[in-house]
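Asks: can you look at this prediction? I've put the sequence above it.
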Amino acid sequence: MKIAFISTHNAVRSIMAEAVARKLSRSALLSMEIYSAGVEPVDKIPEEVINLLKEKGYPVENLYSKDIGSIPYRDINIIITLSPEARDRCPYLENHIRREHWTIEEAKNLRREELLKVLENVERQVKEFLKIT
């Protein structure tokens, strides 16, 4: 099973979703390939995001901002969009078994409190998606 989390910049929401899903799927012994990408990727993930993920025990190795063309988009089974831009601009392909859109507010700034709210929302959504309590 291949899952991709797609957002606008692949800097906060989708990066968090990739890290959370990787850890939780491994813990649940689920065999999944987890990816993230952006429709307008940035050059670098904000250090505040990486630091928060590390602090919460999420893997940050190999996390970097990338575009849809940098992941095996055609082979993805489940596409989860995390921004209106991603929802509207991600191509629909026949081989995508499932497509979902999660409403997760973007952090208006990179303050810890806002990033923590985004991460908590991502954790809740991923747990619900993976049916993990």
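Replies: Cool, got the structure. Please read these numbers as outputs of a predicted model, since none were measured by experiment.
Asks: residue 54: what's it in contact with?
Replies: By CB atoms under 8 Å, 6 or more residues apart in numbering, residue 54 lies in contact with residue 60. (Glycine included, C-beta is placed from N, CA and C.)
Asks: phi, psi of it?
Replies: phi -60, psi -50 (degrees, to the nearest 10).
Asks: next one: it from residue 104, what distance?
Replies: Using CB to CB, to the nearest Å, residue 54 is found at 21 Å from residue 104.
Asks: and residue 40, that one's in a helix?
Replies: No - assessed with DSSP: H, G, I helix; E, B strand; the rest coil, residue 40 is coil; it does not lie in a helix.
Asks: what is the burial count for it?
Replies: 15 (other CB atoms under 10 Å).
Asks: same question, residue 94
Replies: By other CB under 10 Å, neighbour count at residue 94 equals 6.
Asks: which pLDDT value does the model give it?
Replies: We have a pLDDT of 86 for residue 94.
Asks: now the helices for the protein?
Replies: Applying DSSP state H to the chain gives helices spanning 13-27, 47-55, 84-89, 112-130.
Asks: mind putting those helices into TSV with distance to residue 62 and mean pLDDT?
Replies: As requested, the helices of the chain are exported to TSV (distance: least, CB to CB, whole Å; pLDDT from 0 to 100):
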stretch	distance to residue 62	mean pLDDT
helix 13-27	9	96
helix 47-55	12	96
helix 84-89	21	94
helix 112-130	18	95
